[in-house]
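Novice: here's my sequence, what's the structure:
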Amino acid sequence: MEGAAWPTNCSETVPASLGSVCLDSWAVIAWLDGDEPAAGLVQAALDAERPWMSWLNLGEVAYLAERRKGRDAAADLVTRLRHAVRLDEVTPERVLAAAQLKAAHPIAFADCFAVATACARKATLFTGDPELLERKLGCRTRDLRPKR
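Specialist: Numbering: from 1, shown residues only. As a prediction, the model looks like this:
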């Protein structure tokens, strides 16, 4: 995020098709940073549909953006993302699903919300987070990291 301009093409006019993608914070940060191939894959998902994202993961992106770019830039980003993605509520069901994942796997609790959202929405989780990609967590994943 440092110094680069953030993408501005997550607009209010993204079609509301039935989504099959869920973005975690790793995917969104990579998109913002322009890190390929993640940035192109996330942009393609945003162009095709309104992907799912947990409110909790949006909060992660918001605090990271505020640290790097300031409060006003973070608020603008949150507004744009709220129009570009479908936000999954942090319901009691989602909290307990995330808690079960955390009990079974040594992964960050915020990541558990991304997985719980993807599972509940029957979506493919877009991520490059090795903690998620190296485990069987109950949802489909798409590895956004560069191929080696």
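
Novice: so which residues of the protein form strands?
Specialist: Along the chain, counting by DSSP state E, strands occupy 21-23, 52-54, 86-88, 124-127, 141-143.

Novice: direction included, what does the last one pair against?
Specialist: Looking back up the chat, that one is strand 141-143. Its sheet considered, strand 141-143 pairs with strand 124-127 (parallel) by DSSP bridges.

Novice: what residues does the strand it pairs with touch?
Specialist: Residues outside strand 124-127 that contact it (Cβ atoms under 8 Å, 6 or more residues apart in numbering): 20-24, 26-27, 38, 41-42, 45, 51, 114-115, 118, 132-133, 139-144. Every residue, glycine included, has its C-beta placed from N, CA and C.

Novice: buried among the residues you listed? Need that as a selection in ChimeraX.
Specialist: Typed into ChimeraX, the line below selects the buried ones among the contacts of strand 124-127, using 16 or more other Cβ atoms under 10 Å:
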select :20,21,22,23,24,26,27,38,41,42,45,51,114,115,118,132,133,139,141,142,143,144
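
Novice: restricted to helices, list the contacts of strand 124-127.
Specialist: 26-27, 38, 41-42, 45, 114-115, 118, 132-133 (DSSP state H).

Novice: and those as CSV, adding pLDDT and distance to Leu96?
Specialist: Formatted as CSV, the ones in helices among the contacts of strand 124-127 follow (pLDDT from 0 to 100; distance: Cβ to Cβ, whole Å):
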residue, pLDDT, distance to Leu96
Trp26, 98, 23
Ala27, 98, 24
Ala38, 97, 30
Leu41, 97, 31
Val42, 97, 29
Ala45, 96, 28
Ala114, 97, 16
Val115, 97, 13
Ala118, 97, 16
Leu132, 95, 19
Leu133, 95, 24
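
Novice: how about low-confidence regions in this protein?
Specialist: Applying pLDDT under 70 to the chain flags residues 1-19.

Novice: which residue of it lies farthest from its centroid?
Specialist: Going by Cα atoms, centre = their mean, the residue of the chain most distant from its centre is Arg148, 23.1 Å out.
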